[in-house]
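Participant: okay, predicted coordinates and the sequence, questions at the end:
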Amino acid sequence: MPFLEARDLSVRLSGRRILHELSFSLDAGRWYGVVGPNGSGKTTLLRALGGLLPYDGLLTLEGRDLSAWPPRELARRLAFVRQSFGLGFDFTVEELVLLGRSPHKNWLSAYDRADRDLVAHALSAVDLEGFEDRSMLALSGGEQRRVLLAQALAQGADVLLLDEPTTHLDVHHRFEFLDHVRRLADDGTTVVGVFHEFETAVRYTDAVLVLYEGRAHGFGPAADVLTADLIERVFRMESRRAVDEDGRPEIRLTAPLPRLRRDQAT
């Protein structure tokens, strides 16, 4: 049985269909990337997988329809990192990361030493040791992003949903975080991440789903799916294959298609 499965999955927002009859199955303990141009439905798909949107068709977690899971139980299984967030009032870093433990607590139970140890470990994973008492509103955009990543890690969920997780991160913290997530997948966490960078998808994921105008245009290992023809049709870019110094495949984007070829590509 697939760990997470979609069959004829469709989503409408404000009366407009965003996703069109998507079908795929995801195995536990693998990292899946979702790639596509802006407006192709990537974030909508991630929100549907997180139980945050109504949908048509079938969407199951461990064979059970996602809509049938109690919200609190689902929150223990799925952790979602959004592109952006807003705070109604200020939190310290530790307070916000501790909220990741709330699905595991009873209504009246307090956070204990085990919870705080998990928070400390999550902050260490995103290089924010010593930030526990800092105000969230005093942090840079990149630091705030890393706090949200730490919150998801502290949640200890089986599925990690990442919506462009490295936005605002500098090069060091981007690769450090991606390496950490790769280790989580290798240890059994199922990861679904939206990415813009092809090199990230090729280097880190086990498979990618290519979306264009809400429809699937490929699903499988990134190096196999992201062919020059698909990149030209979907992303309107010329590309070439290469191999890095470690012998790993690379996809290098070389130039945007001229206007005439763009029109033909659609």
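Facilitator: Perfect, thanks for sending it.
Participant: burial measure for the residue lying closest to D186 once chain neighbours are set aside, as a count.
Facilitator: Spatial nearest neighbour of D186, chain neighbours left out: G29 (7.5 Å); criterion: Cβ to Cβ, 6 or more residues apart in numbering. Using the backbone N, CA and C atoms, a C-beta is placed for each residue, glycine as well. Residues near G29, counting by other Cβ atoms under 10 Å, number 15.
Participant: repeat for the one 3 residues further on
Facilitator: The criterion is other Cβ under 10 Å. On that basis, Y32 has 20 neighbouring residues.
Participant: what bridges to the closest residue to it other than its chain neighbours?
Facilitator: In space, not counting the residues next to it along the chain, Y32 is nearest to V192; the distance is 4.9 Å by Cβ to Cβ, 6+ apart. V192 has the following beta-bridge partners by DSSP bridges: Y32, L161.
Participant: gap between V192 and F80?
Facilitator: Look at V192 and F80: by Cβ to Cβ, to the nearest Å, they are 10 Å apart.
Participant: next: S135.
Facilitator: For S135, the distance to F80 under the criterion Cβ to Cβ works out to 24 Å.
Participant: the more surrounded of those two?
Facilitator: Between S135 and F80, counted using other Cβ under 10 Å, the more crowded position is F80 (22 against 12).
Participant: mind checking which helix or strand the more buried one is in?
Facilitator: Following DSSP states H and E, one finds F80 within strand 78-81.
Participant: what's the helix or strand following that strand packed up against?
Facilitator: Using DSSP H and E, the helix or strand that follows strand 78-81 towards the C-terminus is helix 93-98. In terms of contacts (3 or more Cβ pairs under 8 Å, 6 or more residues apart in numbering; DSSP states H and E), helix 93-98 is packed against helix 113-125, helix 141-155.
Participant: pLDDT of the helix or strand L58 falls within, averaged?
Facilitator: Assigned by DSSP H and E, L58 belongs to strand 56-61. Model confidence over strand 56-61, given as mean pLDDT, is 96.
Participant: still on that earlier bit, most tightly surrounded among the helices and strands packed on helix 93-98?
Facilitator: Each of those was given a mean neighbour count from mean count of other Cβ atoms under 10 Å, and the largest, a mean of 23, is that of helix 141-155.
Participant: what's the angle from that helix to helix 113-125?
Facilitator: Between helix 141-155 and helix 113-125, the angle comes out at 140 degrees (axes from the mean of the first three to the mean of the last three Cα atoms, to 10 degrees).
Participant: let me see the backbone angles for the residue lying closest to P71 once chain neighbours are set aside.
Facilitator: Using Cβ to Cβ, 6+ apart and skipping residues adjacent in sequence, the residue nearest P71 is G51, 7.3 Å away. Note on G51: backbone dihedrals following degrees, to the nearest 10 are phi 80, psi 20.
Participant: spit out the contact partners of G51.
Facilitator: G51 sits next to 66-67, 69, 71, 74, 78 when contact means Cβ atoms under 8 Å, 6 or more residues apart in numbering.
Participant: okay, now the unreliable bits of this structure?
Facilitator: 84-88, 259-266 (pLDDT under 70).
Participant: downstream of the strand holding L58, the next helix or strand is which one?
Facilitator: Beyond strand 56-61 in the direction of the C-terminus, DSSP H and E gives the next helix or strand as strand 64-65.
Participant: parallel or antiparallel, which strands does that next one pair with?
Facilitator: strand 56-61 (antiparallel).
Participant: mind listing what's buried in the strand it pairs with?
Facilitator: Of the residues in strand 56-61, those scored as buried under the neighbour-count criterion (16 or more other Cβ atoms under 10 Å) are 59-61.
Participant: what's in contact with that strand?
Facilitator: Surrounding strand 56-61, the residues in contact under the criterion Cβ under 8 Å, 6+ apart are 2-12, 21-22, 48-49, 65-67, 69, 74, 77-78, 159.
Participant: selecting buried members of the residues you listed in PyMOL, what would you type?
Facilitator: In PyMOL, a selection of the buried entries from these looks like this (16+ other Cβ under 10 Å):
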select buried, resi 3+4+5+6+9+10+11+22+48+49+66+69+74+77+78+159
